[in-house]
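Enquirer: Provided below are the primary sequence and the corresponding predicted coordinates.
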Amino acid sequence: MFLKENLGKNIKKYRKLNHMTQEQFADLIGIDYKNVSKIENGNHYPSPETLTSIVKALNLDFYELFVFENKINYEDMKADIINSLNDKNNIVLLYKTLKNLN
């Protein structure tokens with residue numbers, strides 16, 4: 001999926017800008033370094049709790065992880081988000097993520 005791959009790329013980009021290895025980053029955000037690799041490669045979404053830890057560890061605003069270099073079209077992004085809401089797990093993850101932002 002476009003979103004998962006680009007989110008992973010951004011996390012990797014910002015981690016490297018902060019001069020951290022995957023192992024250092026994993027320790028900082030409280031997950032196994034293998035999971036960092038899976039997230040950065042676009043194989044897994046981070047949990048809402050991990051996403052919150054990532055944003056804090058990288059000293060970013062939440063939205064910055066979702067600003068992609070290849071300029072995603074707003075309507076395409078909206079369609080991807082709406083389509084992802086067909087899965088109950090995605091709804092729960094989105095809800096938890098939004099609650100963590102407040």
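Expert: Received the coordinates, thanks.
Enquirer: how about the residue located most distally from the centre of the chain, secondary structure?
Expert: Within the chain, E75 marks the point farthest from the mean C-alpha position, 20.1 Å out by C-alpha atoms, centre = their mean. Following DSSP: H, G, I helix; E, B strand; the rest coil, we place E75 in the helix state.
Enquirer: roughly how far apart are it and M20?
Expert: 35 Å (C-beta to C-beta, to the nearest Å). C-beta coordinates here come from the backbone N, C-alpha and C atoms, glycine included.
Enquirer: again, but for Y45
Expert: Y45 sits at a distance of 20 Å from M20 (criterion: C-beta to C-beta).
Enquirer: Which one of those two is surrounded by more residues?
Expert: Y45 (20 against 17; other C-beta atoms under 10 Å).
Enquirer: quick one: secondary structure of the more buried one?
Expert: Y45 ends up coil, using three-state DSSP.
Enquirer: Would you mind confirming that it makes contact with I54?
Expert: No - between Y45 and I54 there is no contact under C-beta atoms under 8 Å: 11.4 Å.
Enquirer: Same question for stretch 18-33: list its buried residues.
Expert: M20, Q22, F25, A26, L28, I29, I31 (16 or more other C-beta atoms under 10 Å).
Enquirer: Nearest to Y63 among the residues you listed?
Expert: I29 (18.5 Å; C-beta to C-beta).
Enquirer: Grab the nearest non-local neighbour of the closest one.
Expert: In space, and not counting its chain neighbours, I29 is closest to S53: 4.0 Å by C-beta to C-beta, 6 or more residues apart in numbering.
Enquirer: Could you say which helix or strand holds the residue nearest to F68 when sequence neighbours are not counted?
Expert: Closest residue to F68 apart from its sequence neighbours, by C-beta to C-beta, 6+ apart: N6 at 4.4 Å. Per DSSP states H and E, N6 falls inside helix 2-17.
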